[in-house]
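only the shape, not the letters, is given here:
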């Protein structure tokens, strides 16, 4: 993939900057992100805020594969959706507090990711995308046909939101947001931790040059399977939060259009981690606003925005903003030296 | 900012409760006090940009506005709901958007009722919200019997049609001579349900189902399935395909030459489907219709008014949305308040009649039953004016048109 040279160049650029300043910037960003996550339901309708948070984590999970390992999975709906269903089924039939149900959904997503990942990482590029899409479609049809368990195209309805009997959280979307956003932040932190570990550096090496990584003695396939399963877990965590938040899981969660949400990190900027949440916020808010605008060409608007961003902001919204800011900072930094 | 509106909402609810309590004791003092937020808000939540746009969509919002105008004209100064607002949103047939928008409509936009909501999964999602928020929801656009079955609740009503009623209507042609049937259905839940209800309805009517043939979904090539269905020389071939699949099926059915040998019965079809593919393609096809604009003078008058506003003829979904909004406002009028429980009480068990509901009744499972029709699509030569597509063959009395009250439902 040709775009991959962009983030690499950026990484090299960042490496030149003094480490002390870089870590300050990182902490400031982290603080801003945290404040944004906490303040969100004050500015956005709480259920919409929850959607943004869930899709943000989904986008991060996709970015983990696409931006950092160079794998375009077109079947991530399989993990988001199957976790949504399993979370719902656990919540309905076992009646445990919702974080436990979500944990169950997440584990299920990771479980099915093992064979899917094992079989698909043997291929790269478009073939990898097609194989993952095929698996996702298989799961879609299972959910569609297994009517007694999943409700078919009616969806799995009436998922309870039990939380240790605390009524505000169970009934009010505003308080629920704070009860659930912790899980999302935990997922985002896990992604950050994975990427800033030696394991994460190997992933980037695999993305940039798999042959060289192999020559250095790394088992490329195994690394790919592991990151695939981790990514599926994050997508599953996000899907579980989504289904508890809405109180149902539907076939849409498993449909290929959900896998198509790989555009979220592309809009925000792949290989940046922050890009995913930015893209998610943009798309969810847009979907929400367009629903009441009374204009029947919603596809035209979202499509044009996508084209404009891809053409004008090759590194995505966040990626471009970061480059611009960095350029400004570097100029100011260099000026006194001259 | 958000907190403020929220506490305002809580305050409003509290006030509402207090006022109600006051009503019980003393009797009404001022007319405005019994209406929450001094305003009745009707919210139409449907597909305004996708596949269901034409059969319901923005024109259903117009239909609801017509109901509001009629209510205001009828009661004038005596109207309990003096200030009425109609709002709408596009759920894009996505259940998650429907779910979020429904919450927002009830909480933020102070909607007292949500109307329409096509797509089963979206409708069931909104029914869940209605139950939680204790606000009314009248579904028109979705066909699932689940709404008045296991997923029924006190605040949800199902107007217009469901899959069982479609089967009963189509099977009524057994007595017109269509005894031997072959059914072709898409192999997923909707198709399987339709196949099941058609089979039992046909058997009950005294006909036989020779074959039930599942097809993949979605599907483009129906030739083999049509040939197979024709092999047993049926009187009627029934297809449960919908949308794009239906259009493919009908075209291939016509090309196969089967048209002269057997009647084609379509499980679910709207007049807008006939309009978009052309009356010639569908000529001779039978289907169940919940309402037809050119059925009698009353319907026609309403359809004329509708045409003035929208420049098109109404589908049954448009008329049903009008009827649902009107009956809701009438119930508010009778109850003297827009309090959900009081309005539900005024609707439950009532016999209702209007331009859409003939011999209508709100059943115990909140399924609103009414007379339905078996329609046949006219030949092009019989069409006298635009949208004059249907010939009504049978009227199915309300009592026979629906399945009995679902045992799975407990409000």
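Looks like it came in fine. Only a predicted model underlies this, so the values are computations on that prediction, with no experimental measurement involved. Residues are numbered from 1 along each chain as shown, chains lettered A, B, ... in the order given.

quick one: pLDDT of residue A:30?
Per-residue confidence (pLDDT) for residue A:30: 84.

what's the neighbour count on whichever residue of chain A sits closest to chain B?
With C-beta to the nearest C-beta, the shortest gap between chain A and chain B falls at residue A:152, namely 3.0 Å. Where C-beta positions appear, they are placed from N, C-alpha and C, glycine not excepted. Neighbours of residue A:152 under the rule other C-beta atoms under 10 Å in any protein chain shown: 24.

how about low-confidence regions in the chain?
Assuming you mean chain A. Residues of chain A meeting the criterion pLDDT under 70: A:1-22, A:294, A:296, A:333-338.

switch to chain B, that's the one I care about
Checking chain B against pLDDT under 70 turns up B:1-33.

re earlier: my guess is the residue of chain A closest to chain B contacts residue B:191. True?
No. Using C-beta atoms under 8 Å, residue A:152 is not in contact with residue B:191, being 10.2 Å away.

residue A:128 versus the residue lying closest to residue A:316 once chain neighbours are set aside, what's the distance?
Closest residue in space to residue A:316, ignoring its immediate chain neighbours: residue A:269 at 2.7 Å, by C-beta to C-beta, 6 or more residues apart in numbering or on different chains. Look at residue A:269 and residue A:128: by C-beta to C-beta, to the nearest Å, they are 22 Å apart.

please apply the same query to residue A:185.
According to C-beta to C-beta, residue A:185 stands 30 Å off from residue A:128.

quick one, which of the two is more surrounded?
Neighbours were tallied for residue A:185 and for residue A:128 using other C-beta under 10 Å; the higher tally belongs to residue A:128 (22 against 16).

for the one residue in chain B that gets nearest to chain A, which non-adjacent residue is spatially closest?
With C-beta to the nearest C-beta, the shortest gap between chain B and chain A falls at residue B:189, namely 3.0 Å. Closest residue to residue B:189 apart from its sequence neighbours, by C-beta to C-beta, 6+ apart: residue A:152 at 3.0 Å.

contact partners for the one you found?
Applying C-beta atoms under 8 Å, 6 or more residues apart in numbering or on different chains to residue A:152 gives the contacts A:144, A:145, A:146, A:251, B:188, B:189, B:190.

ok, the fourth one - contacts?
Just to be clear, that refers to residue A:251. Here residue A:251 is in contact with A:140, A:143, A:144, A:152, A:153, A:155, B:121 (C-beta under 8 Å, 6+ apart).

could you check how far the closest residue to the third one other than its chain neighbours is from residue A:142?
Read it as residue A:144. Excluding the flanking residues, the one nearest residue A:144 by C-beta to C-beta, 6+ apart is residue B:188, at 5.4 Å. Per C-beta to C-beta, residue B:188 is found 12 Å from residue A:142.

neighbour count for those two, which is higher?
More neighbours surround residue B:188 than the other of residue B:188 and residue A:142, with 19 against 14 (other C-beta under 10 Å).

backbone dihedrals for the more buried one, please?
Phi and psi for residue B:188, reported as degrees, to the nearest 10, are phi -150, psi 180.

settle this for me: it is touching residue A:150, isn't it.
No. Applying C-beta under 8 Å as the test, residue B:188 and residue A:150 come out as separate, 11.7 Å apart.

now the common contact residues for the two.
residue A:144.

that older thread, tally of neighbours for the residue of chain B closest to chain A?
21.

now residue B:235
Going by other C-beta under 10 Å, the residues that sit close to residue B:235 add up to 20.

what residues are up against it?
Residue B:235 sits in contact with B:177, B:178, B:179, B:180, B:181, B:262, B:263, where contact means C-beta under 8 Å, 6+ apart.

circling back: now for the contacts of residue A:251, which sits with the most neighbours around it?
Top of these by neighbour count (other C-beta under 10 Å): residue A:155, with 30 neighbours.

distance check, residue A:248 against residue B:107.
Distance from residue A:248 to residue B:107, by C-beta to C-beta: 18 Å.

so which of these two has more stuff around it?
Neighbour totals were compared for residue A:248 and residue B:107, and residue A:248 leads with 25 against 20 (other C-beta under 10 Å).

surely that one and residue A:160 touch.
No. The criterion here is C-beta under 8 Å, and residue A:248 misses it with residue A:160 at 10.9 Å.

up against chain B, what does the stretch 201-338 of chain A have?
A:242, A:246-248, A:250-252, A:287-288, A:290-292, A:294-299 (C-beta under 8 Å from any C-beta of the partner chain).

part of a strand, is residue A:71?
No. Counting by DSSP: H, G, I helix; E, B strand; the rest coil, one finds residue A:71 to be coil, located in no strand.

can you give me phi and psi for it?
Per-residue torsions, residue A:71: phi -110, psi 120 (degrees, to the nearest 10).

find the centremost residue of chain B, please.
With distances taken as C-alpha atoms, centre = their mean, residue B:140 lies nearest the centre of chain B, 3.0 Å away.

so that residue makes contact with residue B:160?
Yes. Residue B:140 lies in contact with residue B:160 (C-beta under 8 Å); the separation is 4.9 Å.

give me the common contacts of these two.
Common neighbours of residue B:140 and residue B:160 (criterion: C-beta under 8 Å, 6+ apart): B:317, B:320.

residue B:45 in helix, strand or coil?
strand.

and residue A:162, how many neighbours does it have?
Count around residue A:162 with other C-beta under 10 Å applied: 18.

could you confirm residue B:41 falls within a helix?
No. Remark: residue B:41 does not belong to a helix; assigned using three-state DSSP, it is strand.

is it true that residue B:70 touches residue B:323?
No. Counting by C-beta under 8 Å, residue B:70 does not reach residue B:323; the two are 10.8 Å apart.

show me where the stretch 201-350 of chain B has helices.
B:223-230, B:243-255, B:271-277, B:279-282, B:297-310, B:316-335, B:340-347 (DSSP state H, counting those that start in this stretch).

export these to CSV and tack on distance to chain A?
Formatted as CSV, these follow (distance: least, C-beta to the nearest C-beta, whole Å):
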stretch, distance to chain A
helix B:223-230, 19
helix B:243-255, 13
helix B:271-277, 15
helix B:279-282, 25
helix B:297-310, 14
helix B:316-335, 17
helix B:340-347, 16
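
return the most buried member of those helices.
Ranked by mean neighbour count, these are led by helix B:316-335 with a mean of 25 (mean count of other C-beta atoms under 10 Å in any protein chain shown).

what helices and strands are in contact with that one?
Here helix B:316-335 touches strand B:40-46, helix B:57-75, strand B:113-116, strand B:136-139, helix B:297-310, helix B:340-347, going by 3 or more C-beta pairs under 8 Å, 6 or more residues apart in numbering or on different chains; DSSP states H and E.
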